[in-house]
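>>> just a sequence and a predicted model for now, questions to come.
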Amino acid sequence: MNRIACTLALALPLAAFALDYPSPPRELATDTYHGVEVRDEYRSMENGDDPRVKAWQSAESALARKYLDALPQRARLLERFAQLDRSSPVRYFDFAQTRGPFLALKRQPPQNQPKLVAVAAAGDTASERIVVDPNALDAKGRTSIDWYAPSPDGRYVAVCLSEGGSERGAASVYEVATGKPLPDVVPRVQFPTGGGSVAWKGDDSGFYYTRYPHEGERPASDEAFFQQVWFHKLGTPASEDTYVLGKDFPRIAEIELETSRDGQYVLARVKNGDGGEIAFWLRGPDDQWMPVADFKDEVKEAELGFDGRLYLRSHRGASHGQVLVLPLDKPVLAEARSLVPEGEGVIEQLVPTASRLYVTYLVGGPSEIRVFDLDGKAAGTLPSDPISTNRVGERLQGDEILVGSTSFVKPRAWYRYSPTLGKLQPTAWIEKSTVSYDDAEVVREMAVSRDGTKVPVNLVMKKGTKRNGRNPVLLYGYGGYGLSEVPRYSERTRVWLDAGGIYAVVNLRGGAEFGEAWHLAGNLTHKQNVFDDMIAAAQHLVDRGYTKPARLAAMGGSNGGLLMGAILTQRPDLFRAIRSSVGIYDAVRSELTPNGEYNVTEFGTVKDKAQFDAIYAYSPYHHVKNGVAYPAVFLTAGLNDGRVDPWHSRKMAARLQAATSSKRPILFLVDADVGHGIGTSMAKRVEQAADTYAFLMDQLGMKAK
């Protein structure tokens, strides 16, 4: 056993609890990249089938479970979060308006998984009926809906179901009116690498779908690549399905399909991996597919209009985005007309209706919806709260839309908006939380990163909080893929505030809060900027007197887990605790995994010298140093994770446990019933929240109320 004793900093009998870390299997491997020798002490950890690795992983999880369960606040937090989830409002999301019924996913506590429901009209709860309920299909709550796609008239719906958060699923067809399953089940439609999608033909006779290679078509190593578009005719076996499009697409293509409201057109959005390069193809009434934009054309979004036109969000020469328009029957990009030019805000979403164009603008994180006519003339801005998130949930009939609004302190509310009435009309889908943030405020400040870039930091805290350097702070960040951190409501943040804490969210480069240039400033060889931004935000909170390193924790997952690993190894003195889930830590070998290959367009490849130099310079696993006093660290992984392989967490945990000179715990917990986080049951989420808050509050000296 590795005899590193980690004593708990508690004035309770638990203080005698010491951690005996299991001895990990070690296997030194050395690789050479562009003349640079890279050592890897725990290469054997990459083999999850190795009995030694399995035994070590089980022992680590058992040790972490014992430690967490012994924390005196864990039971109280578990009950508190369970109570919050039981009493949390019913939530509707992922909407679809057909020519008939309106569909939505409905999360209804205490049920473990959202279900698919249909109503006569948006917000009409009296007409609601269940179409597909995963909770009835699986009493254990491990089966979830990945996505669904209704036929244009709302008669049928294709639903992708997967188990254990695996994100591996087939498309099953149901009758919307009865919830009755049809015999049609199309396999290998969805993988966690490139996702999956379905778009129906206008006459409901069948659907186009994303198809991964079937057994025998390619080597087993290619099973999660080479996504193509195929067609399934309703009522026929999947073995008779026919190829449509995609043989010339990249190995790492990610395809999303959409049918126009009238069923005449099908749009294919094809991503070249995760770096933001997107191509668009359009199928017209003549069944011919036409290319609209290539990967290098910098078109990020295309929307099918009601008026026979295609609306594009283009970033060519416009970092904040501009709106272009093309006729659907002749979609030649070179002939596109500029409809809405680039402005101060970043265009995030386009929604064309019968005679209006709704454009969501992002301003550093918060957003607002502006209205234009179809000639591009401004027609006003929808009302919204300060520092809030506002989006169009779905197009309804004519010019009506469903609008969602939320903030850090207000739960999601759904409104109907019609230009005729000129106001937001509340629906029955306004969420009413059992907790209140009336005593809280949101403050937005600017940290200054190492290169002088100003980075927004959003602080949620009780009014009157003093800047005395003693407040416990939980800092969250992500910074990648052009995904923006926007104001989001969470009842769990209330628990943190009640314990005297401050919750902070950073708008890091790598996202798109300030446009495509903001994204590109944090990807490929510029990835270190993301870590510099996060460190600057943490230092800002210390310098401004909100907290001190002994009372500062950081949290992130996935790409945000890479962020946690980087700040942990680059500034271990700045944080008391780090909570990281499903993270990327060995950035040098990450691209050897299936989803890691999809990430090459975002992170880079070690095959390119400049990109290797950048990757190796920040790769967290390779920068853990012996004898450094690392913060307390809590790592988690899911055995069904198809996006980030659990071996990242195994290697990082083993290396940190061997290297740290502090007496703070390094915990590693792996769960066999979850994946990357998608589809995790409500019961499991409650347990995870209790573990996280108990760990962080213990390290920061907080007391849950």
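That came through, no problem. Source: prediction; values computed, not measured.
>>> tell me the domain boundaries of the chain?
13-84+435-700, 350-432 (automatic domain parsing).
>>> got a markdown table for these, with mean neighbour count and distance to residue 124 too?
For glycine as for every other residue, the C-beta is placed from the backbone atoms N, C-alpha and C. Putting those into a markdown table (neighbours: other CB atoms under 10 Å; distance: least, CB to CB, whole Å) gives the following:
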| stretch | mean neighbour count | distance to residue 124 |
| --- | --- | --- |
| domain 13-84+435-700 | 20 | 24 |
| domain 350-432 | 18 | 8 |
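>>> so which of the ones you listed gets nearest residue 104?
domain 350-432 (8.3 Å; CB to CB).
>>> from one end of stretch 204-220 to the other, what's the distance?
Stretch 204-220 stretches 34 Å from its first residue to its last (CA to CA, to the nearest Å).
>>> in that stretch, what's buried?
Buried positions in stretch 204-220, judged by neighbour count with 16 or more other CB atoms under 10 Å: 204, 206-213.
>>> now the residues you listed in a markdown table, with pLDDT?
Output for the buried residues of stretch 204-220, formatted as a markdown table (pLDDT from 0 to 100):
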| residue | pLDDT |
| --- | --- |
| 204 | 94 |
| 206 | 97 |
| 207 | 98 |
| 208 | 98 |
| 209 | 98 |
| 210 | 98 |
| 211 | 98 |
| 212 | 98 |
| 213 | 97 |
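>>> those residues in strands, which ones?
Taking DSSP state E as the definition of strands, the buried residues of stretch 204-220 contribute 206-211.
>>> now, among the buried residues of stretch 204-220, which is nearest to residue 385?
In terms of CB to CB, no member of the buried residues of stretch 204-220 lies closer to residue 385 than residue 210, at 37.9 Å.
>>> for beta bridges, what are the partners of the closest one?
Note on residue 210: beta-bridge partners by DSSP bridges are residue 229.
>>> if I pick it, what's in contact with it?
189-190, 194-198, 227-229, 255, 257 (CB atoms under 8 Å, 6 or more residues apart in numbering).
>>> by neighbour count, which of the residues you listed wins?
In terms of neighbours by other CB atoms under 10 Å, the contacts of residue 210 top out with residue 196 at 29 neighbours.
>>> tell me the spacing between the closest residue in space to it that isn't next to it in sequence and residue 156.
The shortest distance from residue 196 to any non-neighbouring residue, by CB to CB, 6 or more residues apart in numbering, is to residue 190 (3.2 Å). As judged by CB to CB, to the nearest Å, residue 190 and residue 156 stand 18 Å apart.
>>> spatially, what comes nearest to the residue nearest to the spatial centre of the chain if we skip its sequence neighbours?
Centroid-nearest residue in the chain: residue 483, 8.1 Å away (criterion: CA atoms, centre = their mean). Of all residues not flanking residue 483 in the chain, residue 511 sits nearest, at 5.7 Å (CB to CB, 6+ apart).
>>> close enough to count as contact, that neighbour and residue 505?
No - using CB atoms under 8 Å, residue 511 makes no contact with residue 505, being 11.1 Å away.
>>> shared neighbours, the two?
Residues touching both residue 511 and residue 505 (CB under 8 Å, 6+ apart) are residue 485.
>>> please, where are all the helices along the stretch 101-250 of the chain?
Counting by DSSP state H, counting those that start in this stretch, the stretch 101-250 of the chain has helices at residues 134-137.
>>> cool, and the chain?
Taking DSSP state H to define them, one finds helices in the chain at 51-70, 74-87, 134-137, 491-498, 516-520, 528-543, 559-570, 594-598, 600-603, 609-618, 647-659, 682-700.
>>> mind putting these into TSV with mean pLDDT?
Below are the helices of the chain laid out as TSV (pLDDT from 0 to 100):
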stretch	mean pLDDT
helix 51-70	98
helix 74-87	95
helix 134-137	97
helix 491-498	97
helix 516-520	98
helix 528-543	98
helix 559-570	98
helix 594-598	96
helix 600-603	98
helix 609-618	98
helix 647-659	98
helix 682-700	97
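>>> indicate which one of those helices is closest to residue 317.
Closest to residue 317 of the helices of the chain, according to CB to CB: helix 516-520, at 10.7 Å.
>>> run the chain-centre distance for that closest one.
18 Å (CA atoms, centre = their mean, to the nearest Å).
>>> show residues contacting that helix.
276, 298, 300, 315, 319-321, 481-482, 509-512, 526.
>>> and the closest residue to residue 412 other than its chain neighbours, bridged to which residues?
Excluding the flanking residues, the one nearest residue 412 by CB to CB, 6+ apart is residue 406, at 4.3 Å. Note on residue 406: beta-bridge partners by DSSP bridges are residue 389.
>>> now residue 406: how far from residue 330?
Noted for residue 406: a distance of 40 Å to residue 330, by CB to CB.
>>> try residue 143
Applying CB to CB to residue 143 and residue 330 gives a distance of 45 Å.
>>> looking at these two, which is more packed in?
The neighbour count for residue 143 versus residue 330, taken as other CB under 10 Å, is higher for residue 143 (20 against 10).
>>> got the contact list for the more buried one?
Contacts for residue 143 were tallied using CB under 8 Å, 6+ apart; they are 113, 134, 137, 161-163.
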